[in-house]
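Trainee: prediction below, plus the sequence it came from.
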Amino acid sequence: MHSHEDSCGTPVVADGGRRTILKSALGLAAVTAVGALPWALPGLVEAAALTKAQRDKMTPDQIIDVAKAGNERFRAGKTDTHDYLAQKRASASGQYPAAVILSCIDSRAPAEIILDTGIGDTFNARVAGNIASDDVLGSLEFACALAGSKVVLVMGHTACGAIKGAIDNAKLGNLTGLLDKIKPAVAATQYSGERTSKNNAFVDAVATTNVRLTMDEIRRRSEVLAGLEKDGKIKIVGAMYHLVGGEVVFLD
Ligand SMILES: [Zn+2]
């Protein structure tokens, strides 16, 4: 690794062909010490994408901690400054995402924003109700077994319209079949109060059950991912994103 000044006088670190542009000499010291992890370090203009070496030396637990820290920055209104053009340039010739996220299509739950990630940091699969269809399972297998991601994060969210539709037994075109895949979560949710889509607490309880059942489904129906998890190479984790407050709460 060597340093030089770019045309604006900003210290630039050449790192395996990728460049991390730093805000300050302090940032440079931090990067040198921790090993230049674009997604993890505050105080950087995020101009680099994850390199293979950076991703490969992180454990699944460290990646989960990085995701939690990103959500904390989001909630505090202190997200990193993303230089998307530089991230695009840094990742165009290869990608080494640390995690694959399976989340809902809901416009209010964009994973990259609420976890403060940049281009190249995570794979993202989005489908209403974050269910594991065959094609989604194939996508998760690609992300982990072929592309090296170490965390599968199934992320549901509060006030989910797909969950409400499943509770209401809604019927509409191809949506009917999708909602059928969520219905086991409605039946499996133990809840003594009003079991309707008007009851937010019940809707969110079903959404939480749905995340857990989706995690079970991934393990049951994907030998590839279950094997990687058993070998300690990946972790399959679940979380609920709270539209009010913005917190991503990881499930036990
Ligand atoms: Zn949703």
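Mentor: Structure's in. What do you need?

Trainee: would you check that residue 63 makes contact with residue 99?
Mentor: Yes: Residue 63 lies in contact with residue 99 (CB atoms under 8 Å); the separation is 5.5 Å. In this view, the C-beta of every residue, glycine as well, is placed from N, C-alpha and C.

Trainee: give me the common contacts of these two.
Mentor: Taking CB atoms under 8 Å, 6 or more residues apart in numbering as the criterion, residue 63 and residue 99 both touch 150, 151.

Trainee: okay, the two: which has more neighbours?
Mentor: Remark: of residue 63 and residue 99, residue 99 carries more neighbours, 29 against 25, as counted by other CB atoms under 10 Å.

Trainee: ok, the more buried one touching residue 70?
Mentor: No: taking CB under 8 Å as the definition, residue 99 is not a contact partner of residue 70, at 10.7 Å.

Trainee: and residue 96, what does it touch?
Mentor: Residue 96 touches 49, 50, 51, 52, 54, 55, 56, 120, 147, 148, counting by CB under 8 Å, 6+ apart.

Trainee: what strand or helix carries it?
Mentor: In the assignment (DSSP states H and E), residue 96 maps to no helix and no strand.

Trainee: ok so, going back, now the contacts of residue 96: which count as buried?
Mentor: Applying 16 or more other CB atoms under 10 Å to the contacts of residue 96, the neighbour count classes 49, 50, 51, 54, 55, 120, 148 as buried.

Trainee: now, which of these sits nearest the ion?
Mentor: Nearest to the ion out of the buried ones among the contacts of residue 96 is residue 120 (CB to the ion; 25.5 Å).

Trainee: would you agree the closest one is in contact with residue 50?
Mentor: Yes: counting by CB under 8 Å, residue 120 touches residue 50, with 5.7 Å between them.

Trainee: any residues in contact with both of the two?
Mentor: Residues touching both residue 120 and residue 50 (CB under 8 Å, 6+ apart) are 96, 97.

Trainee: can you tell me which residues in the chain are near the ion?
Mentor: Applying CB under 5 Å from the ion, we find that the chain lies next to the ion at 104, 106, 160, 162.

Trainee: which of the residues you listed has the most neighbours?
Mentor: Neighbour counts for those peak at residue 160, which has 27 neighbours (criterion: other CB under 10 Å).

Trainee: how about the contacts made by that one?
Mentor: Contacts of residue 160 by CB under 8 Å, 6+ apart are 104, 106, 129, 203, 207.
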